[in-house]
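A.B. asks: Just to be clear, the model below is a prediction. Sequence and coordinates:
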Amino acid sequence: MSDTFKFHDLESAPEASKELLSRLFAETGRNGFYAVLAESPETLKAYTQLHNLFMNTSFTDEERTVIWQTINVEHECTFCVPAHTAMAKHMKIDDKVSNALRDETLLPTAKLEALRSFTLEVVRTRGNASKAAISDFLKSGYTLQNILEVVLGLSQKTISNYINHLAKTPMEEKYSQFSWTKP
């Protein structure tokens with residue numbers, strides 16, 4: 001048995017992945033991450049569901065971008081950082097926000113910086129955020145609901161970051177202008 005992940009197309013994908021994979025390819029173009037995920041129909045469905053749920057949280061597109069990219073950068077995902085940079089451009093997120101996230105420099109507002117700090121706290125402590133970190137997050141204008149939604153975003157990104165590491169998913173040509181490595 002091979003220890004190399006297969007990058008599926010619509011013909012080679014397991015039958016239970018084909019319909020969803022076809023829809024994802026139609027929406028995003030051929031995508032190496034989805035091509036790998038297709039090996040496990042359940043993981044493909046779970047990731048897609050988590051993404052859709054996270055898109056419906058109370059966060060704005062800018063705040064979702066902060067959460068995603070904070071996690072991508074912390075996990076050093078060289079596939080996801082460029083992909084989410086392209087997504088941010090598509091969502092019309094200010095380049096100042098995207099660049100600060102990629103370069104790990106201060107974000108343009110205190111509230112966005114509080115969101116990044118709290119997201120990092122959750123990632124680095126594996127959910128054991130300190131009372132002070134929780135208090136600071138809530139004082140910055142976020143809510144208990146937002147704490148749970150950060151965890152939802154982390155769940156989504158953990159799947160993609162870890163799978164891209166395990167599969168060594170190559171960067172997509174369409175994202176190459178946004179290539180990234182941790183400074």
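C.D. replies: Sure thing, it's come through. Since the structure is predicted, the reported quantities are computational estimates derived from the model, not experimental observations.
A.B. asks: switch to C-alpha atoms for all contacts and neighbour counts from now on
C.D. replies: Will do.
A.B. asks: Need the phi and psi values for residue 42.
C.D. replies: phi -70, psi -40 (degrees, to the nearest 10).
A.B. asks: Would you mark the buried spots in the top helix by length along the chain?
C.D. replies: The longest helix of the chain (DSSP state H) is helix 144-167. Neighbour-count burial for helix 144-167, counted by 16 or more other CA atoms under 10 Å, picks out 146-147, 149-154, 156-161, 163-164, 167.
A.B. asks: That one - contacts with which helices or strands?
C.D. replies: If contacts are counted by 3 or more CA pairs under 8 Å, 6 or more residues apart in numbering; DSSP states H and E, helix 144-167 sits against helix 32-37, helix 41-55, helix 61-74, helix 110-124.
A.B. asks: Any idea how far the first one is from the middle of the chain?
C.D. replies: Relative to the centre of its chain, helix 32-37 is centred 14 Å away, using CA atoms, centre = their mean, to the nearest Å.
A.B. asks: Give me the residues contacting that helix.
C.D. replies: The contact list for helix 32-37, computed with CA atoms under 8 Å, 6 or more residues apart in numbering, reads 5-9, 21, 24-25, 43-44, 160, 163-164, 167, 169-170, 172.
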